[in-house]
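> Below are the sequence and a predicted model; questions follow.
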Amino acid sequence: MSRDSSKTVEEKLPDKKTNTSEWYSRVLQEAGIVDIRYGVKGFIVYMPYGMSIMKRIIQLYEEELEKTGHRPILFPVVIPEANLRKEAEHIKGFEAEVFWITHAGLTKLEERLALRPTSETAIYPLYSLWISSYKDLPLKAYQTVAVYRYETKATRPLIRGREFLWIETHDVFRTAEEALRQTVEDKDIFHRVTYEVLGIPFLHVMRMDFDKFPGAEHTYAFDTLLPDGRVLQIGTTHYLGQKFSRVFEIKFHDIDGSYSYGEQTCFGIGLSRILASLILVHGDNYGLVLPPRVAPIQIVIIPIPKTGFSRERLENYIEEVRSLLEGAGYRVYADLSEKTPGEKFYHYDLLGIPIRIEIGPREVEQNKVSVFRRDKREREIVDLGRLREYIAYLMEDIPETLKRRAREEMEKNIATVGSIDELMELRGSYSLFKTDFCDSEECAEELKTTTGGYEVRGRFLDEKPGEGARCIVCGGEARSRVLVAKAY
RNA sequence: GGGGCCGUGGUGUAGCUUGGCUAGCAUGCGGGCCUUGGGAGCCCGUGGUCGCCGGUUCAAAUCCGGCCGGCCCCA
């Protein structure tokens, strides 16, 4: 009956805090999130469990986009070379990472086709045809697709791939004011899902001019903090102004009879990276910890059979509990398979199922159930009569707990520094730094070199440098209060 | 961008230095008995083009070259 303890230890996951990379690889594989064995560098397979979570994540963002007036579109994955080249800065920024289709069957194509690295140049030629009057505006649309970029940096499952999933919106407005307002709405949409539902905290910054999206006037980015202390960009929204509308002839007849070019924005929601963040931010040494809204199974019921206790009576009681909870609208699964309870506990912990209910002879005889919450790993005995109420409470409290924990973790990693020396002293205890900066690309380069990889991620929108503040690098006049961190 | 490590049944690995036996072990998977409150046990069975291509050799998982893929560290 005694277990081989050495084997048990060996089979557990690596420690998440001290061995994040290995923990992440093992969880992806063992929980069935993705399979990395497809055999083409940077391309991975989403497995059923991972894709079930992903589809729920997608649905959350799509619902918010629809609520804010965006409508679905789906453009082709191929972009004719001439279109991709129309906006000069854009092609310059993406040229080195485009996958090209050069042949079709036995024929060499006269014009190469790009696999979209992003879809501005696919979509905007058609927008030009769709828009002719101010009455056609605003035009707000989104698509959920894979995009392709020939990454030269080391690829990592879900974090940096050569194919990844995202949602991209492409909006056209009559005025710059409306377009700029949209970038704020984009941030709110992102916050409502990413933080409020998924519990992933993030920092909102405006990327420096030298670091903005190729072809944009401004880029606003959402960076989250991963447990290894590096930040990951999980979303960006861009104010494009008229840069694309002028080259793609997106113009309209205005109210006064004149012609104007559309004012554009686009917004990218990095779905693959959001799934990675969800796993890395909330997970623990037992595996995933999923917020209930995206958990494919929200409640799992585990029977504890006992020799001498009627199996039928046990299973009838389980069915009673299961249908009660299913009737209340939850995704419930009773695992009646022949595996031992202990093995099931480990398995559903690994999958991150938010709530586990254990039912054995004790529960049946007393008309109770044991309820285990995955986030805090706490067990509670509950009367059947108040089970619905208690589950309803957990469904609220679990996401709140995840959110609070993650936000506190991020906040305690933020330090404000006034010099590079100070940054270097504090880097063992903090990962995110606020400091004053002169906005020059040279200083950003120098900071990265002298600090061993710390990057200027962008300026905070709601904070300004104090009176007479100096750039942390050159000591010149500071123009921005910026976020500095190591990045993926 | 620089450096290092790895590729053997589904998974994790031994074997490789010093070429040669039926490629060993654990786990998984299927069946049976027994068991079940944090990865139980026993029995039977199943599963391998040793990443790919080429070279050396009487003989290659093992040596050599190229390619593909994965991982880690540093910038």
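That came through, no problem.
> what residues are up against residue A:235?
Applying CB atoms under 8 Å, 6 or more residues apart in numbering, we find residue A:235 in contact with A:190, A:194, A:202, A:221, A:222, A:267, A:268, A:269, A:270, A:274. To be clear about C-beta, it is placed using only N, CA and C from the backbone, and glycine gets the same treatment.
> Could you tell me how many residues sit around the closest residue to residue A:479 other than its chain neighbours?
Of all residues not flanking residue A:479 in the chain, residue A:439 sits nearest, at 4.6 Å (CB to CB, 6 or more residues apart in numbering). Residue A:439 has 18 neighbouring residues, counting by other CB atoms under 10 Å.
> Enumerate the beta-bridge partners assigned to the nearest residue to residue A:336 once chain neighbours are set aside.
In this structure, residue A:336 finds its nearest non-sequential neighbour in residue A:303, 6.3 Å apart by CB to CB, 6+ apart. Bridge pairing for residue A:303 (DSSP bridges) gives the partners residue A:359.
> Look up how far RNA strand B lies from residue A:303.
Between residue A:303 and RNA strand B the computed distance is 8 Å (CB to the nearest atom of the strand, to the nearest Å).
> which residues sit in contact with that residue?
Counting by CB under 8 Å, 6+ apart, residue A:303 touches A:314, A:315, A:318, A:334, A:335, A:336, A:341, A:359, A:360.
> Filter these down to the buried ones, PyMOL style.
Per 16 or more other CB atoms under 10 Å, the buried members of the contacts of residue A:303 correspond to this PyMOL selection:
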select buried, chain A and resi 314+315+318+334+335+359+360
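> List just the nearest of the contacts of residue A:303 to RNA strand B.
Among these, residue A:360 lies closest to RNA strand B (CB to the nearest atom of the strand), at 2.6 Å.
> hmm, back to that, now neighbour count too, for the contacts of residue A:235, in CSV please.
Output for these, formatted as CSV (neighbours: other CB atoms under 10 Å):
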residue, neighbour count
A:190, 23
A:194, 24
A:202, 25
A:221, 24
A:222, 25
A:267, 26
A:268, 23
A:269, 29
A:270, 22
A:274, 30
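> What are the phi and psi values at residue A:68?
Backbone geometry at residue A:68, expressed as degrees, to the nearest 10, gives phi -100, psi 20.
> now residue A:159
Backbone dihedrals for residue A:159, given as degrees, to the nearest 10, come out at phi -90, psi -50.
> so what's it up against?
A:232, A:272, A:273, A:276, A:488.
> any idea how far it is from RNA strand B?
For residue A:159, the distance to RNA strand B equals 9 Å [CB to the nearest atom of the strand].
> If I look at that residue, what pLDDT would I see?
pLDDT for residue A:159: 96.
> count of neighbours near whichever residue of the stretch 51-200 of chain A sits closest to RNA strand B?
Nearest to RNA strand B, among the residues of the stretch 51-200 of chain A, is residue A:152, at 3.7 Å (CB to the nearest atom of the strand). Residues lying near residue A:152 (other CB under 10 Å) number 9.
> Likewise for residue A:266?
Residue A:266 has 27 neighbouring residues, counting by other CB under 10 Å.
> and residue A:413, what does it touch?
A:225, A:229, A:430, A:431, A:432.
> Buried residues, stretch A:479-488. List them.
Buried, per 16+ other CB under 10 Å, within stretch A:479-488: A:479, A:480, A:481, A:482, A:483, A:484, A:485, A:486, A:488.
> picking that back up, and the furthest pair within the contacts of residue A:159?
Greatest spatial distance in the contacts of residue A:159: A:272 and A:488, 12.1 Å, computed using CB to CB.
> Name the residues that touch the helix or strand residue A:345 falls within?
Per DSSP states H and E: residue A:345 is located in helix A:341-351. With CB under 8 Å, 6+ apart as the test, helix A:341-351 has contacts from A:27, A:30-32, A:49, A:286-288, A:290, A:297, A:300, A:302-304, A:335, A:337, A:339, A:356, A:358, A:374.
> which of the residues you listed count as buried?
A:27, A:31-32, A:49, A:286-288, A:290, A:297, A:300, A:302-304, A:335, A:356, A:358, A:374.
> Sitting in helices, which of those residues do you find?
Among the buried ones among the contacts of helix A:341-351, the members found in helices (DSSP state H) are A:27, A:49.
> Not counting its neighbours along the chain, what's nearest residue A:38?
The shortest distance from residue A:38 to any non-neighbouring residue, by CB to CB, 6+ apart, is to residue A:45 (5.3 Å).
> What's opposite that neighbour in the beta bridge?
In this entry, residue A:45 is beta-bridged to residue A:35, by DSSP bridges.
> Surely it and residue A:33 touch.
No: between residue A:45 and residue A:33 there is no contact under CB atoms under 8 Å: 10.1 Å.
> These two - which one has more neighbours?
Remark: of residue A:45 and residue A:33, residue A:33 carries more neighbours, 26 against 12, as counted by other CB under 10 Å.
> The more buried one against residue A:48, yeah?
No: at 9.8 Å, residue A:33 does not count as touching residue A:48 under the criterion of CB under 8 Å.
> circling back to that earlier point, ok, of the contacts of residue A:413, which come out buried?
Applying 16+ other CB under 10 Å to the contacts of residue A:413 flags A:225, A:430, A:431, A:432 as buried.
> Between those, which sits nearest RNA strand B?
Nearest member of those to RNA strand B, counting by CB to the nearest atom of the strand, is residue A:431, at 13.8 Å.
> And the residue of the stretch 1-150 of chain A closest to RNA strand B?
For the stretch 1-150 of chain A, CB to the nearest atom of the strand, closest residue to RNA strand B: residue A:21, 2.8 Å.
> Go ahead and report the secondary structure state at the residue lying closest to that residue once chain neighbours are set aside.
Spatially, and ignoring its direct neighbours in sequence, residue A:21 is nearest to residue A:228 (7.5 Å; CB to CB, 6+ apart). Under the three-state scheme (DSSP: H, G, I helix; E, B strand; the rest coil), residue A:228 adopts coil.
> how near is residue A:228 to RNA strand B?
Residue A:228 is 7 Å from RNA strand B, by CB to the nearest atom of the strand.
> picking that back up, pull the contacting residues for the residue of the stretch 51-200 of chain A closest to RNA strand B.
Taking CB under 8 Å, 6+ apart as the test, what residue A:152 contacts is A:96, A:97.
> quick one: it is in a helix?
No: looking at residue A:152 with three-state DSSP, it is coil, so not inside a helix.
> pretty sure residue A:376 is in a helix, no?
No: Residue A:376 is assigned coil when assessed by three-state DSSP, not a helix.
> what does the top helix by length along chain A rub up against?
Identified as the longest helix of chain A according to DSSP H is helix A:387-411. If you take CB under 8 Å, 6+ apart as the criterion, helix A:387-411 is touched by A:195-197, A:199-201, A:203, A:224-225, A:281-282, A:289, A:291-293, A:298-299, A:321, A:324-325, A:328, A:330, A:354-355, A:369, A:371, A:373-376, A:380, A:382, A:432.
> Swap in 7 Å and give it another go.
For helix A:387-411, contacts defined as CB atoms under 7 Å, 6 or more residues apart in numbering pick out A:195, A:197, A:199-201, A:225, A:281-282, A:289, A:291-292, A:324-325, A:328, A:330, A:354-355, A:369, A:371, A:373, A:375-376, A:382.
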